[in-house]
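> Here is a sequence with its predicted model. Questions after.
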Amino acid sequence: MAQDKENRERLQKVLAQAGVASRRHAEQLILEGRVSVNGVKIPALGHKVGTEDYIEVDGKPVQRSEKLHYYLLNKPVSVITSVNDPQGRPTVIDLMKEVPVRVYPVGRLDYDTSGALLLTNDGELAHRLMHPSYGVEKTYRVWVQGPVGISALDNLRQGVLLEDGNTAPAIVERVVCGVLKKSTEKSKSDRLEILEVTIHEGRNRQVRRMFAAVGYPVLKLERVRFGSLSQGNTLRPGAYRALTKEEIQELRTKAGL
Ligand code: URA
């Protein structure tokens, strides 16, 4: 998850507040290399953590005492998935001013992608949901200039070679094929096609790169489902809601919690 420099505290202090050990003993645990943050061992003093960070001692999660909050945001385009932006662009956190605690986005949607985004202060859940081993499925609605050929569809389904390696098999379905421009009679290629693609990886700009690689640059991209969560057209762009108990439980189960 994104980091928020202002609200960070020393690791040994957080461990002491969580009742793991006294502050001095916590320092010792750190120096002995028994403490990790977000899966990375921190064997030296001076490291600071925020509420979003997932801490383990001897491989066991540290339970923090704050109340946990979970929200689903319908992220609009032209908003950055970050806690703050050096370029001063609006962030997803700016949209959530009424939320009483600091929450952090779980994963990222591009500046020009809209749709379902989970935000929480539950660092352990977030850490797991973002980890590839839990294989959380994400479904995207993709607008391209079609019609998309069968071989491109097969390629997307089986895996596309990108510069960071082959993508895993994906589910790809046609949703709508319509007219993109008025003067289409001459050329069949002036048609708008909407597809839905479900992936369980989370590489940078993955869907855009997959479609570009098979010759269909993405015109518009929206995430319609994140794991068991879907906004189902109930949230206007920029709106958010708290998750229900059942939704939280479903996500926790998926994450093995
Ligand atoms: N894939 C992309 O290309 N962009 C996103 O925002 C999410 C997935």
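Great, that's in hand.
> Could you pull up the residues touching E56?
V35, S36, G39, V62 (Cβ atoms under 8 Å, 6 or more residues apart in numbering). C-beta: built from backbone N, CA, C; applies to glycine.
> excluding its backbone neighbours, what's nearest the third one?
With sequence-adjacent residues excluded and distances taken as Cβ to Cβ, 6 or more residues apart in numbering, G39 is closest to H127, at 7.0 Å.
> burial of the one you found, as a residue count?
Here the count is done by other Cβ atoms under 10 Å, and H127 has 22 residues near it.
> and it, what are its phi and psi?
phi -60, psi -40 (degrees, to the nearest 10).
> Can you show me the strands along the stretch 151-257 of the chain?
161-162, 165-166, 171-179, 191-199, 218-226, 229-230, 240-242 (DSSP state E, counting those that start in this stretch).
> Show me what from the stretch 1-150 of the chain comes close to the ligand.
Contacts of the stretch 1-150 of the chain with the ligand, taken as Cβ under 6 Å from any ligand atom, map to L109, D110, T113.
> of all the residues you listed, which comes closest to Q12?
Distance to Q12, by Cβ to Cβ, is smallest for L109 among these, at 34.8 Å.
> quick one: the helices in the stretch 1-150 of the chain?
Taking DSSP state H, counting those that start in this stretch as the criterion, the stretch 1-150 of the chain contains helices spanning 11-17, 23-31, 123-130, 150-158.
> Which of the strands of the stretch 151-257 of the chain sits closest to A16?
When the strands of the stretch 151-257 of the chain are ranked by proximity to A16 (Cβ to Cβ), strand 240-242 comes first, at 30.7 Å.
> For the closest one, name the packing helices and strands.
strand 70-75 (3 or more Cβ pairs under 8 Å, 6 or more residues apart in numbering; DSSP states H and E).
> Next, report how far the strand it packs on is displaced from the centre of its chain.
11 Å (Cα atoms, centre = their mean, to the nearest Å).
> Quick check: nearest residue in space to P90, chain neighbours excluded?
V79 (5.0 Å).
> pLDDT value on the one you found, please?
Per-residue confidence (pLDDT) for V79: 97.
> just to revisit the earlier point, these two touch, right, the residue nearest to G39 and S36?
No. Between H127 and S36 no contact is recorded; they are 10.6 Å apart, counting by Cβ atoms under 8 Å.
> Run through the residues of the stretch 151-257 of the chain sitting next to the ligand.
Residues of the stretch 151-257 of the chain lying near the ligand by Cβ under 6 Å from any ligand atom: R205, Q206, V207, R208, L221.
> returning to what we had before: which neighbours do H127 and S36 have in common?
With contacts defined as Cβ under 8 Å, 6+ apart, no residue is adjacent to both H127 and S36.
> re earlier: looking at the helices of the stretch 1-150 of the chain, spot the one closest to A239.
Nearest to A239, of all the helices of the stretch 1-150 of the chain, is helix 123-130, at 21.3 Å by Cβ to Cβ.
> who does the closest one touch, helix- and strand-wise?
strand 113-120, helix 245-254.
> just for the stretch 51-200 of the chain, where's the confidence low?
65, 179-190 (pLDDT under 70).
> nearest residue to E250 other than its sequence neighbours?
S228 (4.4 Å).
> For that neighbour, give me phi and psi.
Dihedral angles (degrees, to the nearest 10) for S228: phi -90, psi 0.
> At the geometric centre of the chain, which residue sits there?
With distances taken as Cα atoms, centre = their mean, G107 lies nearest the centre of the chain, 2.3 Å away.
> who touches that one in this structure?
G107 touches T81, L117, L118, L129, M130, G202, F226, counting by Cβ under 8 Å, 6+ apart.
> repeat that for 10 Å
Counting by Cβ atoms under 10 Å, 6 or more residues apart in numbering, G107 touches M1, T81, L117, L118, A126, L129, M130, V136, K138, G202, R223, F226.
> Please apply the same query to Y71.
92, 96, 99, 103, 105, 117-121, 240-243.
> Tell me the one of those nearest the ligand?
Taking Cβ to the nearest ligand atom as the measure, the ligand lies nearest L117 of the contacts of Y71, at 9.5 Å.
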